[in-house]
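*Asks:* Any chance you can model this:
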Amino acid sequence: MIPTDRFAILLAASGLMIGLSGRVALLMPAGIALIILACILCAMDALALIRVGKPEVTRIIDDIISLGAQNSVKLQISNRARRHLHGTIRDEYPEDFIAAGNELPFDIAARSEVELTYHVRPPHRGDFEFGDVFLRMRGPTGLLVRQVRCDMRQAVKVYPNLLDLKHYEIGIRHRVMQPGSRVVRTYGRRTDFESLREYVPDDEFRAIDWKASARVSKLISRQYQEEKSQNVMILLDCGRAMGPSINGLSRLDWSINAGMMLAHVAAIRGDRVGLMAFSEQALAFTAPKPGKGQTLNLLRLTYNLSSAAGDSNYYHAFPLFARKWTRRSLIVIFTELADPDASKPLISQVAGLAGKHLCVVIAMSDPALAAAAGDEPQTPQDAYRSAAARQVIRTRKRTAAELISVGAIVLDVLPGDFTPALIDEYLRIKAAGRL
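*Replies:* Numbering: from 1, shown residues only. Have a look, this model is predicted:
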């Protein structure tokens, strides 16, 4: 049992009465009576809190939670006693997590329960553990509290952002299920034949089926549907350059989140997705496979990856990939753009892959660079910072231009556009039939 501030105030008041009793004699018995009253009330609180017993507490949280997102944690408290129960509850979340409201007040009627919710935001992927839950229950008079510890250690895994995948899935369903909507098949210049239809002036001349036209004595066009079962390979650079944080997440975290969204969209579009992670050596590899189950496999494969202390070895990773996977694919390379000299290994290896595959190189530009380059200098230090930022931006553009010259598509985008730009580029490639 722990005395509260209210109990301390009663003792202080009684002490003050006794201290002033030399001047006013009646204060002595009043002070003693107040002490006796406080002790009686404390005994009543202690007896009531003992009779309450230990409430049942349950923590509800998914075994897998999302990186950088607000994940809800629910605490259920069941009061089986015959009296009202009020106090506070505190949950021990993992040390690195950012949380709001993990210490919550509760007020539960007799023989009832309550559910409280707070949120945690994990800044890193990997394995973590929630600790115990502590309850502090107040007695009827509020002079004593009883602290109860509930052994509730619970392991959780932090995966790349799953909530965005769920929101994307909900968005697609919402569009499909709107009243009056219908499914529209995408047509255009593809290699998968779909059907024949009557020629219209906007059709390409080469789309005309001359044999079918001769049979019905009018022009007939071949119609193609968007090609499916194509291969998408994600190459994930886990070297030192992917470690720095931008807007609360490392470049590697941003890349994994975007890569998992790409895998999710590609699975919906009927394509096969695979992944290779590398730094100084190959860290993980899985060949392209179809279905949403492959997205979950990639999540399990990447949730515990971290950036290495050294630079990535492109001369080892890319030839190894070329030996492991030989079919033409869309290769999406998540990496960082350095100056052209430092990027020579990347450029030379992308050139080797671009002869057979369609390569997309995606990197994240730091918004702080753009801000520093655009600021009006107020001091010599500001001018130096602005000049350095502009120099870095120019070198990134030169590296991007060299990658484009060897046949790659380059996306160098800000954090807010990182995933949308990648998904849009994938859909453009699909629409153009470039694979």
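
*Asks:* Might you list the low-confidence residue ranges for the protein?
*Replies:* Low-confidence segments of the chain (pLDDT under 70): 162-194, 202, 204-205, 224-228.

*Asks:* Would you mind splitting it into its domains for me?
*Replies:* 2-52, 56-159, 162-225, 231-432 (automatic domain parsing).

*Asks:* For those, please prepare a markdown table with the additional fields mean neighbour count.
*Replies:* Heads up, the C-betas are built off the backbone N, CA and C, glycines and all. Listed next are the domains of the chain as a markdown table, based on neighbours: other C-beta atoms under 10 Å:
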| stretch | mean neighbour count |
| --- | --- |
| domain 2-52 | 15 |
| domain 56-159 | 17 |
| domain 162-225 | 12 |
| domain 231-432 | 18 |
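
*Asks:* List the beta-bridge partners for I77.
*Replies:* V57, V114 (DSSP bridges).

*Asks:* For it, give me its contacts.
*Replies:* 55-57, 89, 106, 108, 113-116, 135 (C-beta atoms under 8 Å, 6 or more residues apart in numbering).

*Asks:* try A267
*Replies:* Per C-beta under 8 Å, 6+ apart, neighbours of A267: 273, 290-292, 294-295.

*Asks:* Excluding chain neighbours, what is closest to it?
*Replies:* Once flanking residues are discounted, A267 sits nearest to K292: 4.8 Å by C-beta to C-beta, 6 or more residues apart in numbering.

*Asks:* quick one: the one you found and H264 touch, right?
*Replies:* Yes - using C-beta atoms under 8 Å, K292 is in contact with H264, at 7.2 Å.

*Asks:* now for the contacts of I77, which pair is the farthest apart?
*Replies:* Within the contacts of I77, E115 and L135 form the most distant pair, 14.8 Å apart (C-beta to C-beta).

*Asks:* so where do the strands sit in the stretch 151-300 of the chain?
*Replies:* For the stretch 151-300 of the chain, the strands defined by DSSP state E, counting those that start in this stretch occupy 154-159, 187-198, 220-225, 231-237, 245-246, 249-250, 272-278, 282-289.

*Asks:* Turn the ones you listed into a markdown table, including distance to C39.
*Replies:* As requested, these are exported to a markdown table (distance: least, C-beta to C-beta, whole Å):
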| stretch | distance to C39 |
| --- | --- |
| strand 154-159 | 41 |
| strand 187-198 | 87 |
| strand 220-225 | 85 |
| strand 231-237 | 67 |
| strand 245-246 | 56 |
| strand 249-250 | 56 |
| strand 272-278 | 67 |
| strand 282-289 | 66 |
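
*Asks:* Which among these is found nearest to I333?
*Replies:* Closest to I333 of the strands of the stretch 151-300 of the chain, according to C-beta to C-beta: strand 231-237, at 4.5 Å.

*Asks:* Check which helices and strands the closest one sits against.
*Replies:* helix 251-268, strand 272-278, strand 282-289, helix 314-324, strand 330-334 (3 or more C-beta pairs under 8 Å, 6 or more residues apart in numbering; DSSP states H and E).

*Asks:* Next, the angle from it to helix 251-268.
*Replies:* Angle of strand 231-237 versus helix 251-268, following axes from the mean of the first three to the mean of the last three C-alpha atoms, to 10 degrees, is 170 degrees.

*Asks:* can you list contacts of strand 231-237?
*Replies:* Contacts for strand 231-237 (C-beta under 8 Å, 6+ apart): 252, 255-256, 259, 262-263, 266, 271-279, 288, 298, 302, 305, 312, 317-318, 321, 325, 327-336, 357, 426, 435.

*Asks:* Can you tell me the SS state at A400?
*Replies:* Following DSSP: H, G, I helix; E, B strand; the rest coil, we place A400 in the helix state.

*Asks:* so what's it up against?
*Replies:* Contacts for A400 (C-beta under 8 Å, 6+ apart) come out as 337, 361, 410, 412.

*Asks:* Closest to V392 out of the residues you listed?
*Replies:* Set against V392, the nearest of those by C-beta to C-beta is L337 (9.7 Å).

*Asks:* can the contacts of A267 go into JSON lines with extra columns for distance to R82?
*Replies:* Listed next are the contacts of A267 as JSON lines, based on distance: C-beta to C-beta, whole Å:
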{"residue": "V273", "distance to R82": "58"}
{"residue": "P290", "distance to R82": "59"}
{"residue": "G291", "distance to R82": "55"}
{"residue": "K292", "distance to R82": "51"}
{"residue": "Q294", "distance to R82": "55"}
{"residue": "T295", "distance to R82": "51"}
